[in-house]
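Q: quick one: sequence plus predicted model below, questions after.
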Amino acid sequence: MEIELPDNKIYLLKHKLFSDVVKLSVSHQNKHEFINALSSNSSPLTQFELVFKIRCENAPSVIENIEHSLKSQLTYGGLYQVSTKKAIQVLRREANRIPIVHTE
């Protein structure tokens with residue numbers, strides 16, 4: 001019997017006030033549910049807009065690899081000071097990386 005993992009999506013969010021500040025979020029929600037939940041926050045300092053999403057099987061591992069790749073751009077609270085173009089490149093690269101399994 002095969003165990004199915006939840007179909008997670010990684011969302012790349014851009015800060016509405018600062019164009020080169022991005023945030024990553026993992027959710028099983030579809031795009032519309034995610035945007036509705038995101039827009040419920042009314043504080044202008046914490047408002048983000050969705051710029052990219054990608055579906056992947058092992059989202060926590062992908063996020064960990066992205067965090068390692070972007071550690072020099074980490075500001076605070078999981079926010080990265082990096083262009084959306086660069087963030088999308090890193091996200092695509094890490095999400096499409098073939099996992100290496102070590103066996104003995």
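A: Ah, there it is. All values derive from a computational prediction rather than experimental measurement.
Q: what segments of this structure are helices?
A: With DSSP state H as the criterion, the chain has helices at 31-39, 59-69, 84-95.
Q: kindly export the worst-scoring helix or strand of the chain on mean pLDDT (C-alpha atoms) in PDB.
A: Sorted by mean pLDDT, DSSP states H and E, the helices and strands of the chain end with helix 31-39, the least confident at a mean of 79. Written as PDB, here are the backbone C-alpha positions of helix 31-39 (Å, rounded to 0.1, in the frame of the first residue of the first chain):
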ATOM      1  CA  LYS A  31      -4.400  29.600  -5.200                       C
ATOM      2  CA  HIS A  32      -7.800  31.200  -4.500                       C
ATOM      3  CA  GLU A  33      -8.000  30.000  -0.900                       C
ATOM      4  CA  PHE A  34      -4.400  31.100  -0.300                       C
ATOM      5  CA  ILE A  35      -5.000  34.600  -1.700                       C
ATOM      6  CA  ASN A  36      -8.200  35.000   0.400                       C
ATOM      7  CA  ALA A  37      -6.300  34.000   3.600                       C
ATOM      8  CA  LEU A  38      -3.400  36.300   2.600                       C
ATOM      9  CA  SER A  39      -5.600  39.300   1.900                       C
END
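Q: and it, what other elements does it pack with?
A: When contacts are defined as 3 or more C-beta pairs under 8 Å, 6 or more residues apart in numbering; DSSP states H and E, helix 31-39 packs onto strand 8-15, strand 48-56. Bear in mind the C-beta positions are built from the backbone N, C-alpha and C, glycine included.
Q: ok, the shortest one: who's next to it in the sheet?
A: Partner strands for strand 8-15, per DSSP bridges, with pairing direction: strand 21-27 (antiparallel), strand 48-56 (antiparallel).
Q: mind putting those in CSV, mean neighbour count, distance to Val90 and mean pLDDT included?
A: Formatted as CSV, the strands paired with strand 8-15 follow (neighbours: other C-beta atoms under 10 Å; distance: least, C-beta to C-beta, whole Å; pLDDT from 0 to 100):
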stretch, mean neighbour count, distance to Val90, mean pLDDT
strand 21-27, 19, 10, 91
strand 48-56, 15, 11, 89
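Q: fine, thanks again, bye for now.
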